[in-house]
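Asks: kindly generate the corresponding structure for this input.
(4 chains)
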2 protein chains.
Amino acid sequence: MSVNLNAAPSAPAANASLEPLKVACASCNLRELCLPVGLNSGELQKLDGLVAQRRTVPRGEHLFHNGERFEALYAVRTGFFKTCVGSEDGRDQVTGFQMAGELLGLDGISSDRHSCDAVALEDSSVCVIPYAQLEGLSREFSVLQHQFHKIMSREIVRDHGVMLLLGNMRAEERLAAFLLNLTQRLHARGFSSSSLVLRMTREEIGSYLGLKLETVSRTFSRFQDEGLMEVKQRQLRILDLAGLQALVNNSPC
Amino acid sequence: MSVNLNAAPSAPAANASLEPLKVACASCNLRELCLPVGLNSGELQKLDGLVAQRRTVPRGEHLFHNGERFEALYAVRTGFFKTCVGSEDGRDQVTGFQMAGELLGLDGISSDRHSCDAVALEDSSVCVIPYAQLEGLSREFSVLQHQFHKIMSREIVRDHGVMLLLGNMRAEERLAAFLLNLTQRLHARGFSSSSLVLRMTREEIGSYLGLKLETVSRTFSRFQDEGLMEVKQRQLRILDLAGLQALVNNSPC
DNA sequence: CGGGATATTGAATCCCGTCAAACGTAGTGG
DNA sequence: CCACTACGTTTGACGGGATTCAATATCCCG
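Replies: As a prediction, the model looks like this:
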């Protein structure tokens, strides 16, 4: 049973990947998590004029590719994405998982080209935010400007947290921290904070956390044995939140 | 000895940590690496009006602390910094090393508080860029706005690269990548790209790379044995650049 | 229903961390 | 100037946590 928030309002069209149809930011239930935070109604209207296009991305498809020309940011409306970077040799690293209300493509600003791949992990839809126009509008509205800067800064802070995780934590702590982060974000979107469906494979979790898929699987099993949670494939239920938090906070030394 | 942040701007006092003295952005030799990239002379002048203050930070002192109120960004003028984040338990992680022309404090925008510590690794000086005023000016000048966005985006891209390093690479590759990055940035600033002085300890390198100081030391020794470089304490000279690059690019598998 | 992708589990291996000792360097003050 | 100390670095031996290789189980989609 997939999470189905904000299904397209009608969309009778064939399943083209572009939809002219649109939900105004003003009436979008993600507005408090997304770019429009703090805008008044006039500003919201202007922003709406800019976000004219929506795009759906079927599961497994790319929203954009590494190296592609950067022209727009994308706000996740429904669904779930991963972003990953790759090195010259085949290795690649998942750099993040994005859910409703989160922005994709910020990495592209630096060089006018996307520097990672964005892939939908379930059928998804995004709002297309042409970047040049966003810069223009954020010169007009300082609230929008500030909110945009906050979003970029937040991404930097998040990345630093991931570095801490990758550099200092052991497998159990990494996985616990990951799950707590996931449930917290889901909770902020109105979902249960104890029961969730993993949208990604063990391998993708492992890539994000700097672990091999076998280690992720084994650690899940151990958590289950210890009564911290129930895992069955992608279905996960947290039984002992405090126990998980303790794992993250308590130094092993 | 606590950091003397933001004393009154007048304060002609002896060698306080604040200097009213100032070098115009227009005549700063870092201008092509820093915020002013692409500005015309009128715009440069406006920016100069904003960057009214310089601050010196002695080796070992903090430029800012985690949790402190965020009010300004800092552009490194001379010297060398590290930034680090810490978890509730004592562990901390170096998230970056900053040299001349690079910006510090971007993490603070997200929550109006700094979310990391910035520490000078040698006697350093920075330009203070009051953030509210920078937002104002970047609403006037789209070139400044865009350059600022590029800098933030570049930080995100860099962080993703570090994630790849921490998540996928082995000790040798991490250290090789680190050294190549360091020499490349030094080269861009007119220094030799083969000979350098490490401004940080083995422990700080290790923290950045997710390794223990002993591993860093051992790996340096191995590189030396293999004729890739000469290391003597902080003094380092690269003998086989191609060899180092090969280490980073060639998958071990 | 069947087949490919995904997940679980075990056993062996290895890279890095840990612990410990010794050395070198820099800074201080007698 | 040199002894003294604190700090950073090097190196060795050992252990452990994660990876690797491999076999099996399970799920999902057409």
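
Asks: against A:Ile129, how distant is the spatially closest residue to A:Cys28 that is not a sequence neighbour?
Replies: Nearest in space to A:Cys28, with sequence neighbours left out and distances taken as C-beta to C-beta, 6 or more residues apart in numbering or on different chains, is A:Cys34 at 7.3 Å. Any C-beta I mention is one placed from the backbone N, CA and C, and that applies to glycine too. Going from A:Cys34 to A:Ile129 by C-beta to C-beta, to the nearest Å gives 10 Å.

Asks: now A:Leu241
Replies: Distance of A:Leu241 to A:Ile129, given as C-beta to C-beta: 35 Å.

Asks: so these two - more neighbours on which side?
Replies: Of the pair A:Leu241 and A:Ile129, A:Ile129 is the one with more neighbours under other C-beta atoms under 10 Å in any protein chain shown, namely 24 against 15.

Asks: I'd say the more buried one and A:Gln53 touch.
Replies: No - contact criterion C-beta atoms under 8 Å: A:Ile129 and A:Gln53 do not qualify, at 9.1 Å.

Asks: next, the residue of the stretch 1-150 of chain A found nearest DNA strand C: phi, psi?
Replies: Relative to DNA strand C, the nearest point of the stretch 1-150 of chain A is A:Gly60 (8.4 Å; C-beta to the nearest atom of the strand). Backbone geometry at A:Gly60, expressed as degrees, to the nearest 10, gives phi 90, psi -10.

Asks: what residues does the stretch 1-150 of chain A have near chain B?
Replies: A:85-93, A:95, A:106-111, A:115-116, A:135-136, A:138-140, A:142, A:145-146, A:149-150 (C-beta under 8 Å from any C-beta of the partner chain).

Asks: in PyMOL, select just the buried ones from the residues you listed.
Replies: To isolate the buried ones among the residues of the stretch 1-150 of chain A next to chain B in PyMOL, judged by 16 or more other C-beta atoms under 10 Å in any protein chain shown, type:
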select buried, chain A and resi 85+87+91+92+93+95+106+107+108+109+110+115+116+135+138+139+145+146+149+150
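
Asks: quick one: which of the residues of the stretch 1-150 of chain A next to chain B sit in strands?
Replies: A:85-86, A:92-93, A:95 (DSSP state E).

Asks: which of the residues you listed sit farthest apart?
Replies: Maximum pairwise distance in these, criterion C-beta to C-beta, is 10.5 Å, between A:Gly86 and A:Thr95.

Asks: between the two, which contacts overlap?
Replies: Shared contacts of A:Gly86 and A:Thr95, defined by C-beta atoms under 8 Å, 6 or more residues apart in numbering or on different chains, comprise B:Leu164.

Asks: next one: the strand or helix carrying A:Thr219 to chain centre, how far?
Replies: Assigned by DSSP states H and E, A:Thr219 belongs to helix A:213-225. In terms of C-alpha atoms, centre = their mean, to the nearest Å, the gap separating the centre of helix A:213-225 from the centre of its chain is 24 Å.

Asks: for it, name the packing helices and strands.
Replies: helix A:171-188, helix A:202-209, strand A:229-232 (3 or more C-beta pairs under 8 Å, 6 or more residues apart in numbering or on different chains; DSSP states H and E).

Asks: among the ones you listed, which is the most enclosed?
Replies: Of the helices and strands packed on helix A:213-225, the one with the most neighbours on average (mean count of other C-beta atoms under 10 Å in any protein chain shown) is helix A:202-209, at a mean of 22.

Asks: how is chain A divided into domains?
Replies: A:18-141, A:169-249 (automatic domain parsing).

Asks: does the longest one reach DNA strand D?
Replies: Okay, so that is domain A:18-141. No - interface with DNA strand D: domain A:18-141 contributes nothing (C-beta under 7 Å from any atom of the strand), its closest point being 7.9 Å away.

Asks: can you list the buried residues in the longest helix anywhere in chain A?
Replies: Using DSSP state H, we find that the single longest helix of chain A is helix A:142-168. By 16+ other C-beta under 10 Å, the buried positions in helix A:142-168 come out as A:144-168.

Asks: repeat for stretch A:66-83
Replies: Using 16+ other C-beta under 10 Å as the test for burial, stretch A:66-83 gives A:66, A:70, A:72-83.

Asks: what residue lies at the spatial centre of chain A?
Replies: When C-alpha atoms, centre = their mean is applied to chain A, the residue found nearest the centroid is A:Gln98 (0.8 Å).

Asks: what strand or helix carries that residue?
Replies: strand A:92-99.

Asks: what's downstream of that strand, the next helix or strand?
Replies: That would be, after strand A:92-99 and using DSSP H and E, strand A:103-104.

Asks: contacts for that next one next, please.
Replies: Contacts for strand A:103-104 (C-beta under 8 Å, 6+ apart): A:34-35, A:63-64, A:73-76, A:81, A:83, A:98, A:118, A:126, A:151, A:155.

Asks: strand partners of the helix or strand that it is followed by, parallel vs antiparallel please.
Replies: Later in the chain than strand A:103-104, the nearest helix or strand by DSSP H and E is strand A:117-120. Partners of strand A:117-120 in the sheet, by DSSP bridges, are strand A:62-64 (antiparallel), strand A:80-86 (antiparallel).

Asks: the last one vs strand A:92-99, what angle?
Replies: Looking back up the chat, that one is strand A:80-86. 160 degrees (axes from the mean of the first three to the mean of the last three C-alpha atoms, to 10 degrees).

Asks: output strand A:80-86 as CSV, restricted to C-alpha atoms.
Replies: Presented in CSV, the C-alpha positions along strand A:80-86 are these (Å, rounded to 0.1, in the frame of the first residue of the first chain):
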residue,chain,number,x,y,z
PHE,A,80,10.2,9.6,-3.1
PHE,A,81,13.6,10.1,-4.6
LYS,A,82,17.2,9.3,-4.1
THR,A,83,20.2,11.3,-5.3
CYS,A,84,23.5,9.8,-6.0
VAL,A,85,27.0,10.8,-7.2
GLY,A,86,29.5,8.5,-8.9
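
Asks: tell me how far that strand is from the chain's mean position?
Replies: 9 Å.

Asks: cool, stretch A:222-229 as well?
Replies: For stretch A:222-229, the distance to the chain centre is 26 Å (C-alpha atoms, centre = their mean).

Asks: quick one: buried residues of it?
Replies: For stretch A:222-229, by 16+ other C-beta under 10 Å, it's A:223, A:228-229.

Asks: quick check, A:His149 in contact with B:Ser153.
Replies: No - the criterion here is C-beta under 8 Å, and A:His149 misses it with B:Ser153 at 11.5 Å.

Asks: can you give me the end-to-end distance of stretch A:225-240?
Replies: Stretch A:225-240 has an end-to-end distance of 12 Å (criterion: C-alpha to C-alpha, to the nearest Å).

Asks: let me know the average pLDDT across that stretch.
Replies: Mean pLDDT, stretch A:225-240: 95.

Asks: which residues sit against that stretch?
Replies: Contacting residues not belonging to stretch A:225-240 are listed as A:179, A:183, A:193-199, A:220-221, A:223-224, A:243-244, A:247 [C-beta under 8 Å, 6+ apart].

Asks: can you rerun that using 10 Å?
Replies: Residues from elsewhere that reach stretch A:225-240, judged by C-beta atoms under 10 Å, 6 or more residues apart in numbering or on different chains: A:1, A:172, A:176, A:179-180, A:182-183, A:192-202, A:217, A:220-224, A:241-244, A:246-247.
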